[in-house]
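J.: quick one, structure for this:
(one chain, ligands or ions: 1)
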Amino acid sequence: STIDDLGDLRGKRVLVRSDLNVPLDGSTITDDGRIRASLPTLQRLLDAGARVVVAAHLGRPKGAPEDRYSLRPVAERLGELLGLDVAFAADTVGESARSTVEGLGDGQLALLENVRFNPGETSKDETERRAFAQQLAALADAFVSDGFGVVHRKQASVYDVAQLLPHAMGGLVATEIDVLRRLTEDPERPYAVVLGGSKVSDKLGVIDNLLGKADKLLIGGGMVFTFLKAQGHEVGTSLLEEDQLDVCRDYLRRAEESGVEIVLPTDVVVAPEFKADAPATVVAADAIPSDQMGLDIGPESGKAFAAALADARTVFWNGPMGVFEFPAFAGGTRAVAQALTEIDGLSVVGGGDSAAAVRTLGFDEKAFGHISTGGGASLEYLEGKPLPGIDVLQED
Ligand code: 3PG
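T.: Presented below is the predicted three-dimensional model:
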């Protein structure tokens, strides 16, 4: 059901699960994309006269408060963007939360402190999770699920609470699912997928699934060194997952058998250490010196990746091509982002990191078909895995 199905919301307390898990440098938000993506649903509820209670997480605290994971800076930014005072509760379901929610008038909004400061949020024990969900549910009359980035998590504020309150899918989740569905159901061809990021092991399921669906698979980022090693090249001190070498060999073999074109970098930007000002050199991908680590795909590879994407009608990209946070190693990510802006068709940027990368590198979000707020969530959708936070909304 949608927000409309919840009926007249004036004066009703509506608990909204948003994904406000933004990158922080100290208490400075370095990319507020997820906060901005959460605004339309919140605004809509405020306009309807609801008393909006937002639940969200930041980082991965271990079930107890930690200053560096406080949502306070997020509350401030949210208030600036909405143009209203956001009441911030210093706890999630305790005294502060109860009195903050009680103090809300119609069309006002409160943000609760990080849900993951409570062990019940991420507990594997259903009873413990349920108990925490009940405390959350006690703060509201209805629940709106709008944190697309967490719908793959079976957690109290995503999953259990939906079973305890009248609930609806928020507009952000609906839009995200709509776009991802276009990638899985009959995508326009050629369909190219670009994968990066640090670990092969994070992408196993999606590669498995895509080998049967995509026409081209372009691989960069830290994970590419395990592929290069699997091809018999030395990778110096680059990131390497020894235990995934056989898996990578198997992917390369299956790709060849099924006619999926795999594009790997032919040159690499290397440096002696992982540092912004480390001296960067470009070397051939099969000639990485033993004392150097690859921190980006090289310029020749950037061009080759762009050329491989030029005729694509559907592109999904997850994971930066290099350490884009350091300008000397941002070239590959920039080249791929630029290529996506020129696609004649649907281009989707998926993933917290790649979404942050395109904004940090100064690209106009509107130049892309869709920038997903989900990292793991969009990957799991593409893997064909069930998403507990979506399924629970469809249970009745
Ligand atoms: C994300 O950053 O992908 C989401 O906010 C989910 O965070 P998590 O991986 O810590 O559950």
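J.: burial of the closest residue to the ligand within the stretch 1-150 of the chain, as a residue count?
T.: Using CB to the nearest ligand atom, the single residue of the stretch 1-150 of the chain nearest to the ligand is residue 21, 3.3 Å away. C-beta here means a position set from N, CA and C on the backbone, and glycine is covered the same way. By other CB atoms under 10 Å, 24 other residues sit near residue 21.
J.: model confidence score at it, please.
T.: The pLDDT attached to residue 21 in the predicted structure is 96.
J.: for residue 396, same thing?
T.: Looking at residue 396, its pLDDT is 65.
J.: residue 212 too?
T.: In this model, residue 212 is scored at 83, pLDDT.
J.: residue ranges in the stretch 251-396 of the chain under the pLDDT threshold?
T.: Where the stretch 251-396 of the chain drops to pLDDT under 70, the residues are 396.
J.: who in it is up against the ligand?
T.: 352, 375, 376 (CB under 6 Å from any ligand atom).
J.: which one of those residues is nearest the ligand?
T.: The ligand has its nearest neighbour among these in residue 375, at 3.6 Å by CB to the nearest ligand atom.
J.: give the contact list for the closest one.
T.: Counting by CB atoms under 8 Å, 6 or more residues apart in numbering, residue 375 touches 149, 318, 350, 351, 352, 353.
J.: in strands only, show me those.
T.: 318, 350 (DSSP state E).
J.: between the contacts of residue 375, which sits nearest residue 67?
T.: residue 352 (21.9 Å; CB to CB).
J.: the residue of the stretch 1-150 of the chain closest to the ligand looks like it's in a helix, true?
T.: No: counting by DSSP: H, G, I helix; E, B strand; the rest coil, residue 21 is not found in a helix; it is coil.
J.: ranges for the strands of the stretch 151-300 of the chain?
T.: Along the stretch 151-300 of the chain, counting by DSSP state E, counting those that start in this stretch, strands occupy 167-169, 191-195, 216-219, 261-263, 267-271, 281-284, 293-297.
J.: note down every partner strand of the second one and its orientation.
T.: Sheet partners assigned to strand 191-195 using DSSP bridges are listed as strand 216-219 (parallel), strand 314-318 (parallel).
J.: about what we covered before: my read: the residue of the stretch 1-150 of the chain closest to the ligand touches residue 35, true?
T.: No: counting by CB atoms under 8 Å, residue 21 stays clear of residue 35, with 9.9 Å between them.
J.: thinking again about what came up before, and the residue of the stretch 1-150 of the chain closest to the ligand, how far from residue 387?
T.: Look at residue 21 and residue 387: by CB to CB, to the nearest Å, they are 17 Å apart.
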